[in-house]
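Chemist: give me coordinates for this.
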Amino acid sequence: MAFSKAQQKNLGTNSWVTFYVIFVALSLTTLGLVMLFSAGIVKGAQALLTKQVIWVGLSLLMGAYATYMNLEWIRRRAWWIFGLCMLGLILTLVPGIGIKVNGAQRWIGLGPLRVQPSEFAKIGLVLVLASYFSSNHRENKTFFHGFLIPSILIGTCCGLILLQPDFGTSFLCGAVAATMMFQAGTSLRWLLPVAGLAITAFSILVYFDPVRIRRVTSFLDVEANANDSAYQLWQGMLAFGVGGLNGVGLGMGRQQVHFLPEAHTDFIFPVIGEELGLFFTLTIVACFLLLFGCVFLRLRQSPRLFEYLLAMGAILFVSLQAIINMGVVTGSMPTKGMSLPFISYGGSNLMVSFLLLGFVINVLRSLDTPKVLLPREI
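Modeler: Numbering: from 1, shown residues only. I've put the predicted structure just below:
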């Protein structure tokens, strides 16, 4: 089978994008293991590192499986996967099954491991929306099929996550799902008003939640609340200042040892800033931005709506979560309990991130082997 020069150029570009996606994921995961040993020194670094290495191995296997799985097979089972994810969210809220930590009931215990169903709900949400819109593509601009039914699916997922409560993940799921709806062809005359109402309702919930409203007020005046509700954010900002351009050296940081709580999870980015400096942190930011940009540009060539929406939702979840995490720890956004993909400690998020990138690579591979139309199909 012969390809034109334009097709050969596209195939080569897709290969480079695939290589870049794999390179970024493995490089950031390796960096996460290195920084985990440094950031987790007061938490028992060896035990944390051992658990994370196990999760890395499992995540690599799941990512490889997602890379080579039959996308049509998973499309036909998208509703079942979504249903299982919603069941997991419901079980999290059941006393005796869900595990509560720091006032939030977000985990289910599986022996020595804890699983966070809200992370896997991201996969279910992306799959069911991609499958639904691709199966009803002729009616995506109608109110009932293109807006109402997808909104019910999104509301169910985000509502169950809010009950945990997990405002950050609920906001992330809503933002990614709304973007997928717009990309699928849902009219803005319905999306914009409902998005405004959702943001208003979300703001009201935050206002009447004492913990969340304190985070917002602390974000507005970090220095005044440095010894109270903004303590963690203030210490993270100090870590960036101490690190400067070149950092104090790997393993030489002091914030995670004496001052910065939970440095190995949500606030691992300031530890990188302190030990490795501004140039290194900017490189990480560039990696995530280029990851989204390169994948988005190549997806514009996808001829099939399911594959396009699947990869678009997957890369949005990874990229947007990274941006939110980095915005939080630099004081650009109110504090949310959201980890940095591939780098922060945590097995559920790591596995889901690899699964999502596995779907992205799978779609890019399908672009490398375009379907050949027979004369009667043209």
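Chemist: and residue 107, what pLDDT?
Modeler: On the pLDDT scale, residue 107 is placed at 78.
Chemist: nope, residue 129 is what I meant
Modeler: pLDDT, residue 129: 94.
Chemist: and for residue 76?
Modeler: So, for residue 76, pLDDT stands at 91.
Chemist: not counting sequence-adjacent ones, nearest residue to it?
Modeler: residue 131 (8.0 Å; C-beta to C-beta, 6 or more residues apart in numbering). C-betas here are computed from N, CA, C, even on glycine.
Chemist: low pLDDT regions in the stretch 201-350 of the chain?
Modeler: Across the stretch 201-350 of the chain, the ranges flagged by pLDDT under 70 are 211, 215, 217-231, 253-264.
Chemist: how far out from the middle of the chain is the strand or helix carrying residue 270?
Modeler: Assigned by DSSP states H and E, residue 270 falls within helix 268-276. Distance, stretch centre to chain centre, for helix 268-276: 20 Å (C-alpha atoms, centre = their mean, to the nearest Å).
Chemist: tell me what it is packed against?
Modeler: helix 5-39, helix 231-243, helix 278-299, helix 305-329 (3 or more C-beta pairs under 8 Å, 6 or more residues apart in numbering; DSSP states H and E).
Chemist: residue 166: which of those helices is closest?
Modeler: Closest to residue 166 of those is helix 305-329 (C-beta to C-beta; 12.7 Å).
Chemist: could you give the angle of the helix or strand just after the closest one to helix 278-299?
Modeler: Using DSSP H and E, the helix or strand that follows helix 305-329 towards the C-terminus is helix 347-368. Compare the direction of helix 347-368 with that of helix 278-299 by axes from the mean of the first three to the mean of the last three C-alpha atoms, to 10 degrees and you get 40 degrees.
Chemist: show me what helix 347-368 is packed up against.
Modeler: Other helices and strands packing on helix 347-368, by 3+ C-beta pairs under 8 Å, 6+ apart, are helix 5-39, helix 45-68, helix 71-76, strand 113-115, helix 117-135, helix 278-299, helix 305-329.
Chemist: mean neighbour count and distance to residue 341 added to the ones you listed, as a markdown table?
Modeler: Formatted as a markdown table, these follow (neighbours: other C-beta atoms under 10 Å; distance: least, C-beta to C-beta, whole Å):
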| stretch | mean neighbour count | distance to residue 341 |
| --- | --- | --- |
| helix 5-39 | 17 | 7 |
| helix 45-68 | 16 | 11 |
| helix 71-76 | 14 | 22 |
| strand 113-115 | 16 | 17 |
| helix 117-135 | 24 | 11 |
| helix 278-299 | 16 | 8 |
| helix 305-329 | 23 | 5 |
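Chemist: got a markdown table for the ones you listed, with distance to residue 104 too?
Modeler: What follows is the helices and strands packed on helix 347-368, written out as a markdown table (distance: least, C-beta to C-beta, whole Å):
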| stretch | distance to residue 104 |
| --- | --- |
| helix 5-39 | 21 |
| helix 45-68 | 20 |
| helix 71-76 | 30 |
| strand 113-115 | 12 |
| helix 117-135 | 10 |
| helix 278-299 | 26 |
| helix 305-329 | 16 |
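Chemist: still on that earlier bit, dump the C-alpha coordinates for the helix holding residue 270 into PDB.
Modeler: What follows is helix 268-276, C-alpha atoms only, in PDB (Å, rounded to 0.1, in the frame of the first residue of the first chain):
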ATOM      1  CA  ILE A 268       5.600  18.200  45.600                       C
ATOM      2  CA  PHE A 269       6.100  21.000  43.000                       C
ATOM      3  CA  PRO A 270       7.500  23.500  45.500                       C
ATOM      4  CA  VAL A 271       9.900  20.900  46.600                       C
ATOM      5  CA  ILE A 272      11.200  20.600  43.000                       C
ATOM      6  CA  GLY A 273      11.400  24.400  42.900                       C
ATOM      7  CA  GLU A 274      13.500  24.500  46.100                       C
ATOM      8  CA  GLU A 275      15.900  21.700  45.200                       C
ATOM      9  CA  LEU A 276      16.200  22.100  41.400                       C
END
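Chemist: and for stretch 24-37, what's in contact with it?
Modeler: Here stretch 24-37 makes contact (C-beta atoms under 8 Å, 6 or more residues apart in numbering) with 45, 48-49, 52-53, 56, 59, 63, 250, 264, 268, 271-272, 275, 284, 287-288, 290-291, 341-345, 350, 353-354, 357.
Chemist: do that again at 6 Å, thanks
Modeler: When contacts are defined by C-beta atoms under 6 Å, 6 or more residues apart in numbering, stretch 24-37 is touched by residues 45, 49, 52, 264, 268, 271-272, 287, 291, 342-343, 345, 357.
Chemist: pull the contacting residues for residue 122.
Modeler: Counting by C-beta under 6 Å, 6+ apart, residue 122 makes contact with 317, 352.
Chemist: what's the pLDDT at the residue lying closest to residue 361 once chain neighbours are set aside?
Modeler: Closest residue to residue 361 apart from its sequence neighbours, by C-beta to C-beta, 6+ apart: residue 67 at 4.8 Å. Confidence at residue 67, expressed as pLDDT, is 91.
Chemist: where's the residue nearest to residue 76 relative to residue 310, distance?
Modeler: As judged by C-beta to C-beta, to the nearest Å, residue 131 and residue 310 stand 8 Å apart.
Chemist: the longest strand in this protein is where?
Modeler: strand 104-110 (DSSP state E).
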